[in-house]
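J.: Give me a 3D structure for the following:
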Amino acid sequence: MSVLDEKKKTLCPVVWDISQSPPVIQPLAKRDIIERLSILTKEVPIEAVFIVGSLTGYRYTPDSDLDVSVTVDLNDEELEQLRDKTKGIESELLAGTKHPVNFYFLNATGNQDNYDSVYDFVEDKWIKEPTDIGVDLFDVYDEFRGAVSQLDANKAEALRSITDIEALRAAYNNGGDPAILRYKLMRRYKDLDAAVEKLVAEYDEAHQDRLRAFKRYSDLAAIGVQVLPSPNVLPENVRYKMLERYHYLDLLKKLQDITGDEGKLDTPDKREEAREVLEEETEKSLLDSFAALSILTK
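T.: Numbering: from 1, shown residues only. Presented below is the predicted three-dimensional model:
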């Protein structure tokens, strides 16, 4: 979420040795990454390793991800098998820090134009030096709030449907009129399904809009046209990052995983999973709000 975070005076000192100019990765951090790579890529030819993302710049948080891009000499099937192996240790914290480490395996060097800063992990040098490019949250917040009003409405409708469904189930199990209650349950299930389908469509739209915007930026950069200083300040990426900041993205992605390719809650199990996810994410948002309030009132 670096594009929205406040600028810091230095790079993160637990990841980078800022006593050197330019900074290099801390020995402990480097050793930790090497150990993990040696486990994940045993007998796999590695062509390049880069550190990318928010921790290569001045806009990071105490728990920002450390993103490691690894180019390997594998075919597509072998690459997928390797990616499956990362799931066991993905997002484990970097030794001595609160920073999750994420490995991204590619069988061709990624487009570095999409990153503001890039550090060559093998050569211990910067390919693109650290930057502080970002967006002031308060300049875009009102527009974002208006843009997500329908998303908020769909989320609220899903939660209201869940509340009513639970009440109707209890009435059904406690002697209520079966015919009437079945009708009411069917109506509220339809409302829940419709709300969740709209939420999943929001995720697909935000994700695809971001990808298209990055491609346009890359295509224009290739012919020497650069309208903005970084693809990360593109409106589509800023919107995506704000969805991430306020926990919408986690919710929408989980709902997409539940509904599958059809984008529908077409089984009782899927509806139950969606209910749990919606309640869990709502509770998480409330806890974050209380935590922020406690900081402000200290």
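J.: Where does pLDDT dip in the stretch 151-298 of the chain?
T.: Within the stretch 151-298 of the chain, the stretches with pLDDT under 70 are 283-298.
J.: could you show me where the helices are in it, in order?
T.: If DSSP state H, counting those that start in this stretch is used as the criterion, the helices of the stretch 151-298 of the chain fall at 178-222, 235-245, 248-259, 268-296.
J.: name the helices or strands packed onto the third one?
T.: In other words, helix 248-259. helix 178-222, helix 235-245, helix 268-296 (3 or more CB pairs under 8 Å, 6 or more residues apart in numbering; DSSP states H and E). All C-beta atoms are positioned from the backbone trio N, CA, C, and that covers glycine.
J.: Tell me which of those helices sits nearest to residue 22.
T.: helix 178-222 (23.8 Å; CB to CB).
J.: Can you spell out the domain ranges of this structure, please?
T.: 2-128, 137-296 (automatic domain parsing).
J.: now the ones you listed in CSV, with mean neighbour count?
T.: As requested, the domains of the chain are arranged in CSV below (neighbours: other CB atoms under 10 Å):
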stretch, mean neighbour count
domain 2-128, 16
domain 137-296, 15
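J.: So which of the helices of the stretch 151-298 of the chain is nearest residue 34?
T.: helix 235-245 (29.2 Å).
J.: Give me the contacts around that closest one.
T.: 1, 3-4, 135, 137, 140, 144, 147-148, 206-207, 209-210, 212-214, 231, 249-250, 252 (CB atoms under 8 Å, 6 or more residues apart in numbering).
J.: likewise stretch 12-30?
T.: With CB under 8 Å, 6+ apart as the test, stretch 12-30 has contacts from 10-11, 51, 55, 60, 64, 66, 94-97, 99, 119, 121, 124, 126, 129-130.
J.: Sort out which of the residues you listed are in helices and list them.
T.: The members of the contacts of stretch 12-30 all map outside helices under DSSP state H.
J.: Could you tell me which of those residues belong to strands?
T.: If you go by DSSP state E, the contacts of stretch 12-30 have 51, 66, 119, 126 in strands.
J.: Can I get these in a markdown table including distance to residue 26 and pLDDT?
T.: Formatted as a markdown table, the ones in strands among the contacts of stretch 12-30 follow (distance: CB to CB, whole Å; pLDDT from 0 to 100):
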| residue | distance to residue 26 | pLDDT |
| --- | --- | --- |
| 51 | 11 | 96 |
| 66 | 11 | 95 |
| 119 | 12 | 97 |
| 126 | 15 | 97 |
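J.: who are the neighbours in contact with residue 37?
T.: Here residue 37 is in contact with 46, 49, 68, 70, 103 (CB under 8 Å, 6+ apart).
J.: So which of these is the closest to residue 260?
T.: Nearest to residue 260 out of the contacts of residue 37 is residue 103 (CB to CB; 26.2 Å).
J.: Let me see the contact set for the closest one.
T.: 36-37, 40, 68, 70, 86, 90.
J.: mind listing which of the contacts of residue 37 are in strands?
T.: Of the contacts of residue 37, the ones assigned to strands by DSSP E are 46, 49, 68, 70, 103.
J.: export these to TSV and tack on pLDDT and distance to residue 164?
T.: Formatted as TSV, these follow (pLDDT from 0 to 100; distance: CB to CB, whole Å):
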residue	pLDDT	distance to residue 164
46	92	54
49	95	52
68	94	46
70	93	48
103	91	44
